[in-house]
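Engineer: just need the structure, nothing else, for what follows:
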Amino acid sequence: MSMSHPVPTAPLVVACLRVTDLRPEVDLLTGSVRRDRLGVGLSAPDASALEHALRIAEAWSGRVLAVAAGPRSVETVLRDAVALGASVLRIPWDDDGSDHGFAAELAGDEQSLARAIGAALVPFGTPDLVVCGDRSVDRGTGALPAFLAHELHAAQALGLVALSPGAADGTSRRVLDAERRLDAGWREQLVVPLPAVCSVEGAGVRLRRAPLSGVLAAESAVIPTSALPPRPAAGTGRGTGPVLVGATRVFTPRTRVLPAPESPDPRIRLLALTGALVAHDPPTVVGPVGAAEAADALLDFLVRHGYLEEPPVAGSPTGAGDR
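Structural biologist: Predicted structure coming up:
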């Protein structure tokens, strides 16, 4: 007796891309980052993520959705994904003319961005696989794939150097074969169940070149945009209280009053002013300790050497200003 099985729908493979300025200008005095929308592009890990998504979708006879969160300037990169045969979606995030969008994002975390991406994927159905770059060139935290896996209730395999469809295990369930780089030249081989969120390094895989017909069609393609997600206040992603992001300025140490050297000899006076004749504290190794203990040790050093009058109290405006 034969039994009919339901025909599975085409698997959905999502390439979650971090589009950023590949050649940002950094002010050496203030540390402010100036981004040019004409220099946006995909870093090597994100280009690898898109190529892996295309290859796995071809092996599964599935569909590829390239998702990027950012201003309208990211649509240039999304058109490149359209030329490769992928569907695309832009999530409004930041503003091309904003000077503090990057700083506000650094003050918070990437959990809110993961929530926005997860909400934008709902109309497309549950993705079987989401492929991300392991680290972006602008932040380099590598936290977004983990947050995204949490939002999608999916398995996660992060920091991979190889990713391919796995061999059938006797059932209709699909799996992935993955390889992760370890220290001392070792490799870890993984069998990843689906649904999963995987992040890949930009090694060993080069993004394919789009055909001419795809490039011409992508020039007039309309880039869909999801609904604008609610943006949390800066610094409230972890629930630790508000973080104020103000204008950057050059760091100027406090002026310290030093006694005039007593010797008339210019050489001795110079040595006295530079502190070469004073016995200094030996170097202190702090650690391994947690972040709170390390911060306390740093504050004690600043108080001991006169840079702070007293340790700042957590949550006080004066404490934030002293730091």
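Engineer: quickly note the distance from the closest residue to Y307 other than its chain neighbours to R187.
Structural biologist: Excluding the flanking residues, the one nearest Y307 by CB to CB, 6 or more residues apart in numbering is R254, at 6.0 Å. All C-beta atoms are positioned from the backbone trio N, CA, C, and that covers glycine. Per CB to CB, to the nearest Å, R254 is found 51 Å from R187.
Engineer: what's the residue in the chain sticking out farthest from the centre sitting at in phi/psi?
Structural biologist: Within the chain, P264 marks the point farthest from the mean C-alpha position, 58.0 Å out by CA atoms, centre = their mean. Backbone torsions of P264, given as degrees, to the nearest 10, read phi -80, psi -10.
Engineer: need the per-residue pLDDT for it.
Structural biologist: As predicted, P264 sits at a pLDDT of 86.
Engineer: which other residues reach the helix or strand that V192 is a member of?
Structural biologist: Using DSSP states H and E, V192 maps to strand 187-193. Outside strand 187-193, the residues within contact range by CB atoms under 8 Å, 6 or more residues apart in numbering are 155, 157, 160-161, 166, 173, 175-182, 198.
Engineer: now, which of those residues sits nearest A53?
Structural biologist: Nearest to A53 out of these is C198 (CB to CB; 9.7 Å).
Engineer: then the closest one would be within a strand, right?
Structural biologist: Yes - under DSSP: H, G, I helix; E, B strand; the rest coil, C198 sits within a strand.
Engineer: which phi and psi values does the closest residue to it other than its chain neighbours adopt?
Structural biologist: Leaving aside its chain neighbours, C198 sits nearest to A157 (4.8 Å; criterion: CB to CB, 6+ apart). Dihedral pair for A157: phi -140, psi 110, per degrees, to the nearest 10.
Engineer: A291 versus A157, what's the distance?
Structural biologist: Distance, A157 to A291, by CB to CB: 27 Å.
Engineer: the two: who's more crowded?
Structural biologist: For A157 versus A291, neighbours defined as other CB atoms under 10 Å are more numerous around A157 (22 against 7).
Engineer: neighbours of R304, how many?
Structural biologist: By the criterion of other CB under 10 Å, R304 has 10 neighbours.
Engineer: let me redo that: L158
Structural biologist: Count around L158 with other CB under 10 Å applied: 17.
Engineer: over to L299?
Structural biologist: L299, neighbours per other CB under 10 Å, totals 18.
Engineer: quick one: buried residues of the lengthiest helix in the chain?
Structural biologist: Longest helix in the chain by number of residues (criterion: DSSP state H): helix 44-60. Within helix 44-60, the residues that qualify as buried are 44-57, 60, counting by 16 or more other CB atoms under 10 Å.
Engineer: distance between the ends of stretch 173-188?
Structural biologist: Stretch 173-188 has an end-to-end distance of 22 Å (CA to CA, to the nearest Å).
Engineer: kindly report the same for stretch 207-226.
Structural biologist: End-to-end distance for stretch 207-226, by CA to CA: 26 Å.
Engineer: show me which positions of that stretch end up buried.
Structural biologist: For stretch 207-226, the neighbour count (16+ other CB under 10 Å) marks 207, 210, 214, 218, 223, 226 as buried.
Engineer: show me where the stretch 1-150 of the chain has its helices.
Structural biologist: 44-60, 75-83, 101-107, 111-120, 144-152 (DSSP state H, counting those that start in this stretch).
Engineer: the ones you listed: which one's closest to A203?
Structural biologist: When the helices of the stretch 1-150 of the chain are compared by CB to CB, helix 44-60 sits nearest A203, at 7.4 Å.
Engineer: and the closest one, what other elements does it pack with?
Structural biologist: Contact here means 3 or more CB pairs under 8 Å, 6 or more residues apart in numbering; DSSP states H and E; on that basis helix 44-60 packs against strand 12-17, strand 63-70, strand 129-133, strand 155-165, strand 196-200.
Engineer: with mean pLDDT as added columns, please give these in a markdown table.
Structural biologist: Rendered in a markdown table, the data for these read as follows (pLDDT from 0 to 100):
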| stretch | mean pLDDT |
| --- | --- |
| strand 12-17 | 90 |
| strand 63-70 | 90 |
| strand 129-133 | 92 |
| strand 155-165 | 89 |
| strand 196-200 | 91 |
